[in-house]
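[1] no sequence on this one, just coordinates:
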């Protein structure tokens, strides 16, 4: 029934109160993606489901006054922020000290940029979840600036093994960054 309508057309039906069934279409179009976004942050099935449900409940309750420009970006942003807030409340995110960062990570008033802080904390958390050897190699490269050959010598590994582990670490971080950046880039 709604397959021919764009997301924003369906949202206008929901917002105007003309068609309550349109809300079901919004749910069916985005619930699975939003679950993946939440799960990528919190890594818990039940919590991810709860976060997605909470976002949809809030969307329904505030439908008449919500100013949405892109339904997908709005929902992804809401899920990401709720997921981050869940981790913060559970003490699973430890804010990083960004004072050593270049000025592009700090706003002109000298206050830390919240989005940069959240992004870096999520990426650091993801890097900390890498397998031991992969994480160690990644840290040597990132934190100490060691070359592949230097890391290989230090860990008594072949340079090819080090390259493979670095590729594995970067690939995993890129996947996480894609989901996170979708939210942050739409906020600019």
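    Great, that's in hand. Please read these numbers as outputs of a predicted model, since none were measured by experiment. Residues are numbered from 1 along each chain as shown.
[2] all helices of the chain, in order?
    7-16, 21-42, 45-61, 71-89, 114-128, 132-143, 148-155, 159-186 (DSSP state H).
[3] any chance of JSON lines for those, columns mean neighbour count and distance to residue 1?
    Backbone N, C-alpha and C define where each C-beta goes, glycine included. Formatted as JSON lines, these follow (neighbours: other Cβ atoms under 10 Å; distance: least, Cβ to Cβ, whole Å):
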{"stretch": "helix 7-16", "mean neighbour count": "17", "distance to residue 1": "10"}
{"stretch": "helix 21-42", "mean neighbour count": "18", "distance to residue 1": "8"}
{"stretch": "helix 45-61", "mean neighbour count": "17", "distance to residue 1": "19"}
{"stretch": "helix 71-89", "mean neighbour count": "19", "distance to residue 1": "17"}
{"stretch": "helix 114-128", "mean neighbour count": "17", "distance to residue 1": "38"}
{"stretch": "helix 132-143", "mean neighbour count": "16", "distance to residue 1": "48"}
{"stretch": "helix 148-155", "mean neighbour count": "16", "distance to residue 1": "56"}
{"stretch": "helix 159-186", "mean neighbour count": "16", "distance to residue 1": "28"}
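[4] make a markdown table from those and add mean pLDDT to it.
    Putting those into a markdown table (pLDDT from 0 to 100) gives the following:
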| stretch | mean pLDDT |
| --- | --- |
| helix 7-16 | 91 |
| helix 21-42 | 90 |
| helix 45-61 | 93 |
| helix 71-89 | 84 |
| helix 114-128 | 68 |
| helix 132-143 | 90 |
| helix 148-155 | 94 |
| helix 159-186 | 75 |
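[5] and the contacts of stretch 5-17?
    2, 19-20, 22-23, 25-26, 29, 63-64, 66, 68, 70-72 (Cβ atoms under 8 Å, 6 or more residues apart in numbering).
[6] among these, which one sits closest to residue 123?
    residue 72 (22.6 Å; Cβ to Cβ).
[7] domain boundaries for the chain, per the record?
    7-89, 114-186 (automatic domain parsing).
[8] just flag the most distant two among the contacts of stretch 5-17.
    Largest pairwise distance in these, by Cβ to Cβ, is 22.0 Å, between 20 and 70.
[9] isn't residue 130 up against residue 170?
    No: Residue 130 is not in contact with residue 170 according to Cβ atoms under 8 Å; the separation is 10.3 Å.
[10] quick check: neighbours shared by the two?
    In contact with both residue 130 and residue 170: residue 138, using Cβ under 8 Å, 6+ apart.
[11] so what's residue 74 closest to, chain neighbours aside?
    Nearest in space to residue 74, with sequence neighbours left out and distances taken as Cβ to Cβ, 6 or more residues apart in numbering, is residue 68 at 4.6 Å.
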